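Undergrad: let's see this in three dimensions:
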Amino acid sequence: MEHLEHLRAVFRSTLRLAPGTDVDGLEYRAIPQWDSLAHMALVAALEDEFDIMLETDDVLGMNSFGRAVEILEKQGVTVRS
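TA: Numbers count the residues shown, from 1 in each chain. Purely as a prediction, here's the structure:
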C-alpha cells in the first residue's frame, strides 16, 4: 500500500470513520470524532505505523490531514509521489 493511502487508512481507523471516507480535507475538530483525545490516539498510531517519533511542535501543529502529510515527509516518509 502506498504511504498516502496508508495514511488515509490510519486516519479512518483511528477516528473510526467508514471505509472510503474522504479524509484529504479533514481538519482538527471539524468532526466530533477528531477531538483532543482522538488527536493523541492519532499521533500514537502514526508513530507506530510509520516508525517515527513526532516532535511536540508537530503534535501540536498537526491540525489537518494535509499537515499530517507534511509532518510525515519532514520525518523522511515519502507520502506523495
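Undergrad: kindly check the end-to-end length of stretch 44-62 for me.
TA: Stretch 44-62 has an end-to-end distance of 13 Å (Cα to Cα, to the nearest Å).
Undergrad: buried ones in that stretch, by neighbour count?
TA: Across stretch 44-62, burial judged by 16 or more other Cβ atoms under 10 Å covers 45-46, 49-50, 52, 54, 58, 62. Heads up, the C-betas are built off the backbone N, CA and C, glycines and all.
Undergrad: swap in stretch 11-20?
TA: Neighbour-count burial for stretch 11-20, counted by 16+ other Cβ under 10 Å, picks out 11-12, 14-15, 17.
Undergrad: ok, those vs Pro32, which is closest?
TA: Leu15 (9.7 Å; Cβ to Cβ).
Undergrad: residues in contact with the residue nearest to the closest one when sequence neighbours are not counted?
TA: Nearest residue to Leu15, sequence neighbours excluded (Cβ to Cβ, 6 or more residues apart in numbering): Gln33, at 4.4 Å. Residues in contact with Gln33 (Cβ atoms under 8 Å, 6 or more residues apart in numbering) are 15-17.
Undergrad: what's the farthest-apart pair in the buried residues of stretch 11-20?
TA: Farthest pair in the buried residues of stretch 11-20, by Cβ to Cβ: Thr14 and Leu17, 8.8 Å.
Undergrad: farthest pair within the buried residues of stretch 44-62?
TA: So, the buried residues of stretch 44-62 by Cβ to Cβ: farthest apart are Glu49 and Asp58, at 15.2 Å.
Undergrad: secondary structure class for the residue nearest to Asp35 when sequence neighbours are not counted?
TA: Spatially, and ignoring its direct neighbours in sequence, Asp35 is nearest to Arg29 (6.8 Å; Cβ to Cβ, 6+ apart). Using DSSP: H, G, I helix; E, B strand; the rest coil as the criterion, the local structure at Arg29 reads coil.
Undergrad: the strand or helix carrying Val10 - what's its average pLDDT?
TA: Using DSSP states H and E, the element containing Val10 is helix 3-14. Averaged over helix 3-14, pLDDT sits at 96.
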